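Novice: Model the structure of this input:
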Amino acid sequence: MFYQKGVLLVLATAVISGLAIFLNQFAVQAFSSDIYTFLKNLVAGFLVAGVLLLMGEWQAVKGLSFKDWRVLTLIGLIGGSLPFILFFKGLSMSSAANGALIHKLMFLFVAVLAVKFLKERLDKKLLAGMLLLVIGQIMIFKFNFEVFLGAGDLLILAATLLWAVESIMAKKALATISSRVVAAARLLCGCFFILLYLAWSGQMGLIGSLNISQFSWVSLTGVLLAGYVLTWYAGLKYLNVSTAASLLTLGLPVTAALQWLQGQPLTSNQGWGFLAIVLGCSLVLFSFKRRRAVYESV
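Specialist: Down below sits the predicted model:
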């Protein structure tokens with residue numbers, strides 16, 4: 001049961017991610033990406049904190065040890081602040097397609113780190129599934145080596161590497177800390193560090209100059225981010241991190257489908273790419289299913 005729950009939660013994360021990347025491309029064009037990142041994360045942080053309050057988990061927060069707070073603070077820094085600044089700065093200089101492709105390759109970095117630090121095993125079916133995921137993404141977005149040469153793309157890549165590290169840290173933290181507590185800490189601690197960056201870069205005054213349209217973008221994407229972190233950490237608790245990160249690639253077809261609805265043509269190569277990603281995720285799930293009893297005992 002826990003296995004299925006974890007899969008459904010991460011699949012929901014993938015859908016939210018695909019929608020968010022599509023919308024963020026428009027949102028970051030409306031105003032400073034740093035201000036946008038801070039306010040969006042703040043909205044999401046308050047929403048997740050509200051969920052904590054409704055679920056009666058404030059006692060769990062009070063019971064956190066100094067070691068727990070140190071880990072949560074690092075998650076806020078590595079996962080909730082630095083990569084967001086880099087990602088949205090990069091997205092404002094790049095495209096939604098490039099951002100989705102680079103971000104969704106995160107599972108490769110996560111898998112390498114998981115083998116090293118979590119002792120996860122990558123069997124042949126999992127590796128074959130990951131290969132299909134890479135092929136599918138390349139087919140969807142017509143891979144071009146220049147995708148990694150632009151300044152915006154390099155910033156997105158740096159953010160993706162940091163998020164990969166954070167995924168490993170979060171997986172370890174979830175063994176003893178509630179997924180909602182980890183989500184709230186990632187956002188609110190992250191907002192603290194972003195606020196320091198805004199003060200250092202002299203951007204604080206820009207917050208008071210936002211208009212209704214900009215606040216609307218912040219509110220919409222903040223809700224999506226809250227849904228993302230809540231489903232992601234809850235699902236990650238029941239799946240190994242390489243499996244969960246691989247399933248996030250399903251957000252890529254979501255972004256591409258939204259672009260198609262916007263008027264961008266869908267090619268036959270992209271259609272085959274969607275199929276490769278679905279097959280790849282199926283292999284990833286089949287690989288993990290053999291060991292699900294271990295995770296259902298968590």
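
Novice: what sits against Ile16?
Specialist: 224, 227-228, 231, 251 (CB atoms under 8 Å, 6 or more residues apart in numbering). From N, CA and C alone the C-beta is placed, and that goes for glycine too.

Novice: Just give me the neighbour total for Ser242.
Specialist: 27 (other CB atoms under 10 Å).

Novice: doesn't Val112 make contact with it?
Specialist: No: using CB atoms under 8 Å, Ser242 makes no contact with Val112, being 9.0 Å away.

Novice: Please enumerate the helices of the stretch 101-250 of the chain.
Specialist: 106-117, 124-141, 151-173, 179-200, 212-236, 241-247 (DSSP state H, counting those that start in this stretch).

Novice: Of these, which stretch is the most buried?
Specialist: Among these, ranked by average contacts under mean count of other CB atoms under 10 Å, first place goes to helix 241-247 (a mean of 28).

Novice: what about the stretch 51-200 of the chain, any weak spots by pLDDT?
Specialist: Residue ranges of the stretch 51-200 of the chain with pLDDT under 70: 96-97, 142-149.

Novice: before we move on, the earlier item: can I get the helices of the stretch 101-250 of the chain in a markdown table including distance to Val7?
Specialist: Listed next are the helices of the stretch 101-250 of the chain as a markdown table, based on distance: least, CB to CB, whole Å:
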| stretch | distance to Val7 |
| --- | --- |
| helix 106-117 | 15 |
| helix 124-141 | 14 |
| helix 151-173 | 16 |
| helix 179-200 | 15 |
| helix 212-236 | 7 |
| helix 241-247 | 7 |
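
Novice: Relative to Leu52, which of these is closest?
Specialist: Of all the helices of the stretch 101-250 of the chain, helix 179-200 sits nearest to Leu52, with 5.4 Å by CB to CB.

Novice: Just the CA atoms of the closest one, as PDB, please.
Specialist: Extracted as PDB, the C-alpha positions of helix 179-200 are listed here (Å, rounded to 0.1, in the frame of the first residue of the first chain):
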ATOM      1  CA  SER A 179       7.500  15.100   5.300                       C
ATOM      2  CA  ARG A 180       5.400  18.300   6.000                       C
ATOM      3  CA  VAL A 181       8.000  19.600   8.500                       C
ATOM      4  CA  VAL A 182      10.800  19.000   5.900                       C
ATOM      5  CA  ALA A 183       8.700  20.800   3.300                       C
ATOM      6  CA  ALA A 184       7.900  23.800   5.500                       C
ATOM      7  CA  ALA A 185      11.600  24.100   6.600                       C
ATOM      8  CA  ARG A 186      12.800  23.900   3.000                       C
ATOM      9  CA  LEU A 187      10.600  26.800   2.000                       C
ATOM     10  CA  LEU A 188      10.700  29.100   5.100                       C
ATOM     11  CA  CYS A 189      14.400  28.600   5.800                       C
ATOM     12  CA  GLY A 190      15.000  29.100   2.100                       C
ATOM     13  CA  CYS A 191      13.100  32.400   2.200                       C
ATOM     14  CA  PHE A 192      15.300  33.600   5.000                       C
ATOM     15  CA  PHE A 193      18.400  33.100   2.900                       C
ATOM     16  CA  ILE A 194      16.800  34.600  -0.200                       C
ATOM     17  CA  LEU A 195      15.800  37.600   1.900                       C
ATOM     18  CA  LEU A 196      19.400  38.100   3.000                       C
ATOM     19  CA  TYR A 197      20.400  37.900  -0.700                       C
ATOM     20  CA  LEU A 198      17.800  40.500  -1.600                       C
ATOM     21  CA  ALA A 199      19.100  42.900   1.100                       C
ATOM     22  CA  TRP A 200      22.700  42.300   0.000                       C
END
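
Novice: Great, nothing more from me.
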